[in-house]
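[1] Here you go, sequence then predicted model.
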Amino acid sequence: MQAFIDYRLDFLSEKQQSQLIPYLKESIVWSQPELYVFGKWHRVPRQQAWLGDEGLTYQYSGQSFDTPGWDKPMFWLKQKIEHVSGFRFNSALLNRYRDGEDKMGWHADDEPELGVDPAVAIVSLGEARDIQFRFGKKGHATSLSLESGSLLIMKPGMQDKLQHQIPIRKNVKGERVSLTFRYLIT
């Protein structure tokens, strides 16, 4: 699995985190959309927001998400990630896990809009949460704790071979915000 990820624990300083967390809570418009999965509509078990280059639209599970453009803090963060990773990103899906009950199920970021072998970068803020990886759809799960201020880069080739999830963790009482940067092909 190490060939597919680059994990940087101290990507953001304490000061940068203390500035970004209140901004994300107060300035981002969060929603909890319904998605069409396995023939039924389900409310997403977390809150979401979408940012990116103005005019981009991202579609998955029967929903369309239009990007309003970047604001200054998120554009700064995008540029910082691009500098460190060497990858280019034009959008970010933001996920707000209000506590350990909020989750994201097994999936791969393999939508056609992401192209072949996409890179995906995840910045975590707030409460630490596990991300789990498995080869294919039935492989053994391996966990990694995503700490506040960390950057996880899922390298090209990973989405084709591995799935990942953020599982329920009943002992987690605090909030985590995940900023997931991608490049949409237009």
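    Here it is on my side, so go on. Numbers count the residues shown, from 1 in each chain.
[2] buried ones in stretch 112-126?
    By neighbour count on 16 or more other C-beta atoms under 10 Å, the buried set for stretch 112-126 is 113-114, 118-126. To be clear about C-beta, it is placed using only N, CA and C from the backbone, and glycine gets the same treatment.
[3] gap between that stretch and the chain center?
    7 Å (C-alpha atoms, centre = their mean, to the nearest Å).
[4] Check stretch 170-184 too.
    For stretch 170-184, the distance to the chain centre is 6 Å (C-alpha atoms, centre = their mean).
[5] Start the count at 40 instead of 1 going forward.
    Okay, using 40 as the starting number, the last item reads as stretch 209-223.
[6] After the helix or strand hosting Gln98, which helix or strand is next? Please name it.
    Taking DSSP states H and E as the criterion, Gln98 maps to strand 96-99. Counting by DSSP H and E, the next helix or strand C-terminal to strand 96-99 is strand 102-105.
[7] Strands of this structure, start to end?
    Counting by DSSP state E, one finds strands in the chain at the ranges 44-47, 73-76, 79-82, 86-91, 96-99, 102-105, 130-136, 143-146, 159-165, 168-174, 181-185, 190-193, 201-205, 215-221.
[8] would you turn the ones you listed into TSV with distance to Lys117 and mean pLDDT?
    Shown next, in TSV, are the strands of the chain (distance: least, C-beta to C-beta, whole Å; pLDDT from 0 to 100):
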stretch	distance to Lys117	mean pLDDT
strand 44-47	16	97
strand 73-76	25	78
strand 79-82	29	85
strand 86-91	9	93
strand 96-99	15	74
strand 102-105	17	74
strand 130-136	7	95
strand 143-146	21	93
strand 159-165	9	98
strand 168-174	21	96
strand 181-185	19	97
strand 190-193	12	98
strand 201-205	21	96
strand 215-221	6	97
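[9] which one of the ones you listed lies closest to Leu59?
    strand 159-165 (6.0 Å; C-beta to C-beta).
[10] what comes into contact with the closest one?
    Residues from elsewhere that reach strand 159-165 (C-beta atoms under 8 Å, 6 or more residues apart in numbering): 50-51, 56, 59-60, 63, 116, 120, 124, 126, 128, 148, 153, 170, 185-193, 197-198, 213-221.
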